[in-house]
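Student: Prediction below, plus the sequence it came from.
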Amino acid sequence: MDKLKRVLSGRDVEEPSGLAEVIDATSLGWGTRVKGFVACFAIGCLCSILGSCLLWIPKKGLVLFAVFYTLGNIASIGSTMFLMGPMKQLKRMFEPTRLIATIVMLLCVILTLCSAFWWRKAGLALLFCILQFFAMAW
């Protein structure tokens, strides 16, 4: 709308910068954004449900649950990046009111994967999954 106003008023003498052209060329349309959001969110939900089903497998179930639950959370967070864009999502995540919850959630994601793969402590992985849930809800 601003561009139309500039053209009609005769002030459209500025050339678009190279960065503006790149941003315009790589931005997604609204329909594509919604499709990306739905697909990524569905994958996140599927991973979380699959992790819950794998919880009951003897010996490795708790580790598989932790990994798939964490991947589901990452995919769900990634899905909102389709709607608002990655930079706006990151800016909102690190706003002062959300900073503590974001740090706790990211720390729990890392600690969940470390406890599942590196330390091989299923109880810690479950604890960090629970903390992930509370940090996401916070």
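Tutor: Sure thing, it's come through.

Student: from what I can see residue 79 touches residue 47, true?
Tutor: No: look at residue 79 against residue 47 with Cβ atoms under 8 Å: they stay out of range, at 11.7 Å. C-beta coordinates here come from the backbone N, C-alpha and C atoms, glycine included.

Student: Run through this protein and note the low-pLDDT ranges.
Tutor: 1-26 (pLDDT under 70).

Student: What are the structural domain limits within it?
Tutor: 30-85, 95-137 (the TED database).

Student: now do the same end-to-end measure for the shortest one.
Tutor: To tie it back to what came earlier, the one meant is domain 95-137. 16 Å (Cα to Cα, to the nearest Å).

Student: Also the longest one?
Tutor: From its first residue to its last, domain 30-85 covers 11 Å (Cα to Cα).

Student: Return the backbone torsion pair for residue 60.
Tutor: Residue 60 adopts backbone torsions of phi -100, psi 0, taken as degrees, to the nearest 10.

Student: no wait, residue 98
Tutor: phi -110, psi 0.

Student: The closest residue to it other than its chain neighbours sits in which helix or strand?
Tutor: Leaving aside its chain neighbours, residue 98 sits nearest to residue 92 (6.9 Å; criterion: Cβ to Cβ, 6 or more residues apart in numbering). Element membership for residue 92, per DSSP states H and E: helix 86-93.

Student: Tell me the buried residues in that helix?
Tutor: 89, 93 (16 or more other Cβ atoms under 10 Å).

Student: cool, and stretch 121-136?
Tutor: Across stretch 121-136, burial judged by 16+ other Cβ under 10 Å covers 121, 122, 124, 125, 126, 127, 128, 129, 131, 132, 135, 136.

Student: quick one: that stretch to chain centroid distance?
Tutor: 18 Å (Cα atoms, centre = their mean, to the nearest Å).
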